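> I'd like to go over a predicted model; first the sequence, then the structure.
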Amino acid sequence: MLARSKSRQFALALALLPALAIASEPAESVADISAHDAAGLEFFRGPLDFLKARQLFERETFGGNGRTCLTCHSRETGTVSPADARKRYGRNRKDPLFLADGSDDGAGHGTERMLADATFLVRIPLPDNVRLANDPEARSVVVRRGAPSTLNTPALDPVLMHDGRQPDLIAQARGAIFDHAQVRREPKQRDLELIAAYQHTPQFFSSLTTFKYAYFGIKPKLPTPRTAAEIRGRRFFLDVPLEGDFKSGLCANCHSGPMLNETNEFGPFPPFARGGRFQSVGVSEVNIAGNPVYDFVFTNPDGTTTTVSSPDPGRALITGSTDFESLNAFKIPSLWGVTRTAPYFHDNSAKTLEEVMQQYARFFSVLGLTLTEQDQKDMIAYMKLMQ
Ligand code: HEC
Ligand code: HEC
């Protein structure tokens, strides 16, 4: 017991040290960090705040259905996988994970989807110019999405949610409390600020690499490859123009920048500008997850309409547009820590990195590019270095 509480204290001290140090640093010394990140730390002033913040993230239910942030964003992975769900179901069939948007019918009945895919029913309001073909009165639609990891993203990514719809961590936390936890009590602004601040503490980073970026502005570099497979895998992630066999720099078209989650300017498709955050890699289009498909009718600015069939058109439901960076487009996720954050893609349709690679092989074959078995293994070998 003693050893355990000692090690806990030690962990807490470790957790707090850098946070306290940074709180007293002038903002200029972390120039590389977004304003979003600085805002997260501003609310976090000392040990009592830390304890309160942890309590709010891990234990506070706000008088709702018993869920906390930790219900869906674990300490180890920042998300919840089908394997986690099955383990929890074995231990306690009444685990709040399986309530409401975690159940098959959205009203608490059925666990099939959660145990197989660990997705949630997410209700998205339809933009004014979008209707459902077979339910013209509907003003919202329910899509099935996985929980993105809370490793790295809250502190290091100003774009939140698979479709980028939340402007900041405070609005995001408020939304999560009402949407998932079915609360009746309004959370205080201070509570929301502390939840946001808590997600900037050291345990929310996948490694020292991303921690150093958040706290000291030291930009992560591509890891050094050692084995032959890693050396071959690395070239796909180099920030270089596509030439020759189109493989060097292929993944970096979208997984570029310090967090490997931005487009670069070398993509072969229509307008790729550096820093873009939303793209499609064909996940909604192929719908391996087998999610229900809707017909969306978009009224374009010139009065014409475009009908689109999709299980989840992603960003298009935020912009109301069917352009290249909206339709079936989702936020490009960071690849740092990716070995820990399975399952993958917005619909959790890839359960492993091997399945991610199969999707890319399909996607790029449509564009006339073959990713061999060896290429796929090499990329996985290299992504395993991205801690
Ligand atoms: C019932 C499960 C569930 C609970 C509880 C939950 N979340 Fe989430 N969280 C999700 C899902 C699902 C998404 C993605 C939804 C989407 O993109 O439409 C998400 C997205 C996020 C994101 C955005 C991550 C990114 O990559 O953009 C953050 C940050 C986050 N949640 C934090 C929280 C916090 C803080 C709480 C507690 C106040 C919380 N979540 C409670 C399931 C949950
Ligand atoms: C055209 C832009 C684009 C290119 C090129 C691209 N990706 Fe992605 N990547 C994305 C987007 C967008 C997603 C999320 C898609 C979704 O959820 O529907 C994603 C998701 C992923 C994921 C899952 C991460 C997670 O947390 O869910 C991995 C792993 C990944 N990409 C690796 C690669 C590799 C390896 C390559 C090169 C073969 C590559 N990507 C090329 C845009 C791209």
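Happy to help now that I have it. Ligands and ions are numbered 1, 2, ... in the order given.

> Spell out which parts of the chain neighbour ligand 1.
Contact residues, the chain versus ligand 1 (C-beta under 6 Å from any ligand atom): 67, 69, 71-73, 101-102, 120, 122, 145, 147-148, 150, 153-154, 160-163, 172-173, 176-177, 180, 195. C-beta here means a position set from N, CA and C on the backbone, and glycine is covered the same way.

> Strands - which of those residues land there?
Residues of those located in strands (DSSP state E): 120, 122, 145.

> on that earlier part again, in helices, which of the residues of the chain next to ligand 1 appear?
If you go by DSSP state H, the residues of the chain next to ligand 1 have 69, 71-72, 153-154, 172-173, 176-177, 180, 195 in helices.

> can you put these in a markdown table and add pLDDT?
Converted to a markdown table, these look like this (pLDDT from 0 to 100):
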| residue | pLDDT |
| --- | --- |
| Cys69 | 98 |
| Thr71 | 98 |
| Cys72 | 98 |
| Thr153 | 96 |
| Pro154 | 94 |
| Gln172 | 96 |
| Ala173 | 96 |
| Ala176 | 96 |
| Ile177 | 96 |
| His180 | 91 |
| Ile195 | 95 |
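
> Ala229: which element?
Here Ala229, judged by DSSP states H and E, is contained in helix 228-234.

> could you measure Thr77 against Arg274, distance?
30 Å (C-beta to C-beta, to the nearest Å).

> Indicate whether stretch 136-150 makes contact with ligand 2.
No. Stretch 136-150 stays clear of ligand 2 (C-beta under 6 Å from any ligand atom), getting no nearer than 6.7 Å.

> can you pull the buried residues of stretch 99-115?
By 16 or more other C-beta atoms under 10 Å, the buried positions in stretch 99-115 come out as 99-103, 111, 113-115.

> which regions of the chain sit below the pLDDT cut-off?
Residue ranges of the chain with pLDDT under 70: 1-41.

> So which residues of it form strands?
Assigned strands in the chain, in chain order: 119-125, 130-132, 140-146, 278-279, 294-299, 305-310, 330-331 (criterion: DSSP E).

> Would you mind pulling the contact partners of the fifth one?
For strand 294-299, the surrounding residues in contact (C-beta atoms under 8 Å, 6 or more residues apart in numbering) are 129-134, 141, 305-311, 313, 316, 320-322.

> re earlier: can I get the strands of the chain in TSV with mean neighbour count and distance to Phe50?
Converted to TSV, the strands of the chain look like this (neighbours: other C-beta atoms under 10 Å; distance: least, C-beta to C-beta, whole Å):
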stretch	mean neighbour count	distance to Phe50
strand 119-125	18	29
strand 130-132	19	43
strand 140-146	20	29
strand 278-279	22	34
strand 294-299	17	44
strand 305-310	14	43
strand 330-331	24	29
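
> For Lys351, which of the ones you listed is the nearest?
Set against Lys351 and scored by C-beta to C-beta, the strands of the chain come closest in strand 140-146, at 10.5 Å.

> List the neighbouring strands of the closest one plus their orientation.
Strand pairing for strand 140-146, determined by DSSP bridges: strand 119-125 (antiparallel).

> what does the strand it pairs with contact?
Against strand 119-125 from outside (C-beta under 8 Å, 6+ apart): 72, 101-102, 106, 113, 139-147, 163, 165, 179-180, 289, 317, 347-348.

> Output it as CSV, nothing but the C-alphas.
Extracted in CSV, the C-alpha atoms of strand 119-125 (Å, rounded to 0.1, in the frame of the first residue of the first chain):
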residue,chain,number,x,y,z
THR,A,119,-18.4,3.6,-32.3
PHE,A,120,-20.9,6.1,-30.9
LEU,A,121,-24.1,7.5,-32.5
VAL,A,122,-23.2,11.2,-33.1
ARG,A,123,-26.0,13.5,-34.1
ILE,A,124,-25.0,16.3,-36.5
PRO,A,125,-27.3,19.2,-37.4
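
> quick one: that strand near ligand 2?
No. Judged by C-beta under 6 Å from any ligand atom, strand 119-125 makes no contact with ligand 2; its nearest approach is 11.8 Å.

> chain center to that strand: distance?
15 Å (C-alpha atoms, centre = their mean, to the nearest Å).

> With stretch 153-167 instead?
Offset of stretch 153-167 from its chain centre (C-alpha atoms, centre = their mean): 8 Å.

> can you check stretch 345-360 too?
14 Å.

> for stretch 361-381, same thing?
Taking C-alpha atoms, centre = their mean, one finds the center of stretch 361-381 at 23 Å from the center of the full chain.

> mind listing what's buried in that stretch?
Buried, per 16+ other C-beta under 10 Å, within stretch 361-381: 361, 363-364, 369, 371, 375-381.

> Name the residues that touch that stretch?
227, 229-230, 232-233, 236, 246-247, 250-251, 268, 281-282, 286, 353-354, 357-358, 360.

> when you check ligand 2, which of the residues you listed turn up near it?
Among those, the residues lying close to ligand 2 (C-beta under 6 Å from any ligand atom) are 236, 250-251, 281, 353, 360.

> could those go into JSON lines alongside distance to Tyr294 and neighbour count?
Below are those laid out as JSON lines (distance: C-beta to C-beta, whole Å; neighbours: other C-beta atoms under 10 Å):
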{"residue": "Phe236", "distance to Tyr294": "34", "neighbour count": "21"}
{"residue": "Leu250", "distance to Tyr294": "32", "neighbour count": "25"}
{"residue": "Cys251", "distance to Tyr294": "31", "neighbour count": "20"}
{"residue": "Val281", "distance to Tyr294": "20", "neighbour count": "19"}
{"residue": "Leu353", "distance to Tyr294": "30", "neighbour count": "19"}
{"residue": "Tyr360", "distance to Tyr294": "26", "neighbour count": "20"}
